[in-house]
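> model this:
(one chain, ligands or ions: 3)
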Amino acid sequence: QLKLFYQPKIDLGTRTIIGAEGLLRWQSPELGNVSPDEFIPVAEETGLIVPIGDWVLRTACKEAAAWRKLIANPVHVGVNLSSVQFQQGDLFNKVENALAESGLPAALLDLELTESILVANPEETIQTLNRLKDMGANVSIDDFGTGYSSLSYLTRFPLDSLKIDRAFVTNLPDDDNAVAIVRAIISMSKSLNLNIIAEGVETENQVGFLHALGCQVGQGYLFSKPI
Ligand code: C2E
Ligand code: CA
Ligand code: CA
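Ligands and ions are numbered 1, 2, ... in the order given. Have a look, this model is predicted:
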């Protein structure tokens, strides 16, 4: 009953697809379509997120390896990770196996982490992330700007990208506060050599504004819903 949908990530300059994020869908015969916002917290509480997360990782790698045969440009695949998967300790081996099994180059895998993962167990997480990065995988912080948002994480953890949370993008470009925050996040990311991805892009106005500020990549219903 679980399916992985994908939402493209778009280069805002060339308007080409440079990657896609895997997003879980549960099509339950009894309950209908259940949102991941509802069932993932339950899967985390019960520990079921571990086998589910393994399946997501392996499926995403396998499908992204298949895209390589169809699409000339390299297309990255994004996988969301839960803090419970980090606590298990063998995440590195699982990623390594998923890559080996699928033949997907590590450089095409983007691991999306929320800040709660960094908070939960920083020392061990840094070690795991360093090993994943040595292997060639990419690491992004999801929902940046919400949650804990400790700026010290940005230098302590080996990161490639920040995803600006949809809450800020939605209010662009009319809300002065959202503008100030997005401007600051982009400028800080540039200084720290981090790539920026804007989530929840729904209008051309937002694209123009984000691209002018130097945000290269966007994702949102303007381009495509998860499909
Ligand atoms: P997320 O990682 O922040 O994913 C982005 C969410 O925003 C997705 O909701 C997506 O459908 C939605 N979205 C994308 N563009 C737009 C837009 O332009 N406008 C609006 N209004 N919404 C947009 P979704 O698919 O319901 O996923 C919700 C959350 O569930 C995800 O948030 C992620 O935290 C979690 N999740 C989904 N799949 C997985 C998974 O495989 N593993 C784990 N651990 N978490 C997952
Ligand atoms: Ca995500
Ligand atoms: Ca997000």
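> Just the pLDDT at residue 87, thanks.
pLDDT, residue 87: 86.
> what does residue 44 give?
The predicted local confidence for residue 44 comes out at a pLDDT of 94.
> That one: neighbouring residues, count only.
Look at residue 44: counted by other C-beta atoms under 10 Å, it has 17 neighbours. Using the backbone N, CA and C atoms, a C-beta is placed for each residue, glycine as well.
> Look at stretch 206-221 and report the distance between its end residues.
Distance across stretch 206-221, first residue to last, is 12 Å (C-alpha to C-alpha, to the nearest Å).
> brain fart, stretch 186-202
Between the opening and closing residues of stretch 186-202 there is a gap of 19 Å (C-alpha to C-alpha).
> distance of residue 118 from ligand 3?
Here residue 118 is placed at a distance of 15 Å from ligand 3 (C-beta to the ion, to the nearest Å).
> give me every residue that touches that residue.
125, 141, 148, 153, 157 (C-beta atoms under 8 Å, 6 or more residues apart in numbering).
> Now it: closest residue in space, sequence neighbours ignored.
Spatially, and ignoring its direct neighbours in sequence, residue 118 is nearest to residue 153 (5.1 Å; C-beta to C-beta, 6 or more residues apart in numbering).
> separation between the one you found and residue 33?
Distance of residue 153 to residue 33, computed by C-beta to C-beta, to the nearest Å: 34 Å.
> the more surrounded of these two?
Between residue 153 and residue 33, counting by other C-beta under 10 Å, residue 153 is the more crowded of the two (18 against 8).
> How about the longest strand along the chain, which residues are buried there?
With DSSP state E setting the assignment, residue counts place strand 17-28 as the longest strand in the chain. Of the residues in strand 17-28, those scored as buried under the neighbour-count criterion (16 or more other C-beta atoms under 10 Å) are 17-24, 26.
> cool, stretch 48-62 as well?
Applying a neighbour-count criterion of 16+ other C-beta under 10 Å, the buried positions in stretch 48-62 are 49-50, 52-54, 56-61.
> how about these, which pair is most distant?
Within those, 49 and 61 form the most distant pair, 17.8 Å apart (C-beta to C-beta).
> Apart from its neighbours in sequence, what residue is nearest residue 131?
Nearest residue to residue 131, sequence neighbours excluded (C-beta to C-beta, 6+ apart): residue 92, at 5.0 Å.
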